[in-house]
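Asks: prediction below, plus the sequence it came from.
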Amino acid sequence: MSPASSRAARPLRLAGVSRPRPGAPAAPRRFAVLGAGGFIGSHLVPALLARFPDATVDAVDVNLDKLEVRAARLERIHARLDTPGLVDDLTRRADVVVSLTALCNPALYNTRPLEVIDANYTELIPLVKACTARRRWLVHLSTCEVYGRTAVSGHGRVRPTERMSEDGTALCLGPVHKERWSYAAAKQLLERVIWAEGQHAGLPFTLVRPFNVIGPRMDFVPGIDGEGIPRVLASFMHALMTGGDLLLVDGGAQRRSFVYVDEFVDALVRIVERPRACQGQILNLGNPRNDLTIRALARALAEVYRSRRPDRPAARLRRVSAREYYGAGYDDSVVRIPSIAKATRLLGWRPRLSVPEMLPAIVDDYVARYQPIIEARLEARLEAPLRDAPGAPARLGATGTGGGAA
Ligand code: UGA
């Protein structure tokens, strides 16, 4: 859910209040999903509707285009989070509030840090307070970025290959002039507020730290449904579909652990099913077995794309400096591997899909969604008179920046 909206703020009244039920835990009757139109929200809402057949979902976002599901038990609410009365109404009705709203796109952290801090911290404080006041269970999606550049033990010893664990690993960000960490700092402070509300003011909460969830509908393709630099999966798909270079930031030796969105959403649903086990907990959700370099991801994606579209130009990988790509103030996580021992223990959750297993469905979705538009535009460009600069690269992206939603 992007905080930017052209809609005028207006009071929003919602009907119906779910009754407090004696004896917990009962299955939730009503969910509020904030950021329901983003990548994860658009996968989570159908899963909640399927798993909880008696529950209603209030799906809130400024743009709900990605949320293709329609159901009588789904209320689609096009609104910003700061719409007067909205948080009050949602927390009055819902048993469980899932908060996904974020500006979570690294290209923004050092270019629009004030908006990033507001979207990930300031604007969420009223929601946290309202959940505390009404004792609503807040399931908040934080981020693996809170761990910082690499795993550091609680005693301060750097162990680059150590897995990151929720209650043991120290959170070590870069210096302040490395504005990349503005996002992680905002997310960490909100985690600390939520934790304190839980310890000292009675907020039922669960904090989730996602580790590089990928899948269909992630982010945007520049020039089609967003502007700027999306996260790495969409950036590489954009390059493949337009015949541009796959750009490896500082060579692409940095590593990430990728988990498939369906498996991630399954873990979220399991959390909601287990209030006793999960309230008051911080949970890493990711797949430690899928730790690979960004260069390896580029190669794997290019291979799958080639198998789907052998007629398209062969992919080219090109090194680019972080400064050239993201601007000054960018910094990076070197290795980011979750420990999921706690998630496995509390949820019985073990993600199984390898990266080669998840890529075909992802590539097919991007190709079906975007390739016809891209090809129509390229054709129109070829047919256009020579006022278009000859030799212009086939990339469609603008140079501005655009927001992503979790
Ligand atoms: C981002 C967010 O900051 C996290 O909050 C979020 O949890 C995470 O995405 C996620 O997807 O779950 P990050 O992994 O750094 O973190 O974001 P990406 O934009 O996906 O970048 C991954 C790596 O690929 C970075 O090292 C980046 O420099 C590199 N990259 C990105 C490229 O080499 N080329 C590109 O075109 C784009």
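Replies: Perfect, I can see it now. Numbers count the residues shown, from 1 in each chain.

Asks: may I ask you to name the longest helix in the chain?
Replies: In the chain, taking DSSP state H as the definition, the longest helix is helix 355-383.

Asks: check whether that helix comes near the ligand.
Replies: No: Helix 355-383 lies out of reach of the ligand by CB under 6 Å from any ligand atom, never closer than 13.0 Å. Placement of C-beta: from N, CA and C, glycine included.

Asks: around the ligand, pick out the residues from the stretch 201-350 of the chain.
Replies: 210, 212-213, 231-232, 235, 247-249, 252, 254, 256, 294, 332-333.

Asks: strands - which of the residues you listed land there?
Replies: Judged by DSSP state E, these include 210, 213, 247, 248, 249, 256 as members of strands.

Asks: with respect to the ligand, which of those residues is nearest?
Replies: residue 249 (3.4 Å; CB to the nearest ligand atom).

Asks: report the buried residues of the worst-scoring helix or strand of the chain on mean pLDDT.
Replies: Here the helix or strand of the chain ranked lowest by mean pLDDT, DSSP states H and E is helix 355-383, holding a mean of 94. Buried positions in helix 355-383, judged by neighbour count with 16 or more other CB atoms under 10 Å: 355, 358, 359, 362, 363, 366, 367, 369, 370, 371, 374.

Asks: just the helices in the stretch 251-400 of the chain please.
Replies: 261-273, 275-278, 294-308, 322-326, 341-347, 355-383 (DSSP state H, counting those that start in this stretch).

Asks: mind putting these into CSV with distance to residue 72?
Replies: Compiled in CSV, the helices of the stretch 251-400 of the chain are given as follows (distance: least, CB to CB, whole Å):
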stretch, distance to residue 72
helix 261-273, 20
helix 275-278, 26
helix 294-308, 37
helix 322-326, 45
helix 341-347, 29
helix 355-383, 27
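
Asks: and the end-to-end length of stretch 223-240?
Replies: In stretch 223-240, first residue to last residue: 15 Å (CA to CA, to the nearest Å).

Asks: pLDDT of that stretch, averaged?
Replies: Averaging pLDDT along stretch 223-240 yields 96.

Asks: and that stretch, how far out from the chain's middle?
Replies: Distance of stretch 223-240 from the chain centroid (CA atoms, centre = their mean, to the nearest Å) equals 15 Å.

Asks: circling back: which strands and helices sit next to the least confident helix or strand of the chain?
Replies: Applying 3 or more CB pairs under 8 Å, 6 or more residues apart in numbering; DSSP states H and E, one finds that helix 355-383 contacts helix 232-242, helix 294-308.

Asks: what segments of the stretch 1-150 of the chain are helices?
Replies: Counting by DSSP H, counting those that start in this stretch, residue ranges of the helices within the stretch 1-150 of the chain are 39-51, 86-93, 106-109, 113-120, 125-134.

Asks: for the ligand, find the nearest of those.
Replies: Comparing these by CB to the nearest ligand atom, helix 106-109 comes nearest, at 4.6 Å.

Asks: helices or strands up against that closest one?
Replies: helix 113-120, helix 182-201.

Asks: any chance of TSV for the ones you listed, columns mean pLDDT and mean neighbour count?
Replies: Formatted as TSV, the helices and strands packed on helix 106-109 follow (pLDDT from 0 to 100; neighbours: other CB atoms under 10 Å):
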stretch	mean pLDDT	mean neighbour count
helix 113-120	98	20
helix 182-201	98	19
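
Asks: now these in a markdown table, with distance to residue 167?
Replies: Converted to a markdown table, these look like this (distance: least, CB to CB, whole Å):
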| stretch | distance to residue 167 |
| --- | --- |
| helix 113-120 | 22 |
| helix 182-201 | 11 |
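
Asks: doesn't residue 134 make contact with residue 97?
Replies: No: look at residue 97 against residue 134 with CB atoms under 8 Å: they stay out of range, at 9.3 Å.

Asks: mutual contacts of the two, please.
Replies: Taking CB atoms under 8 Å, 6 or more residues apart in numbering as the contact rule, residue 97 and residue 134 both touch residue 91.
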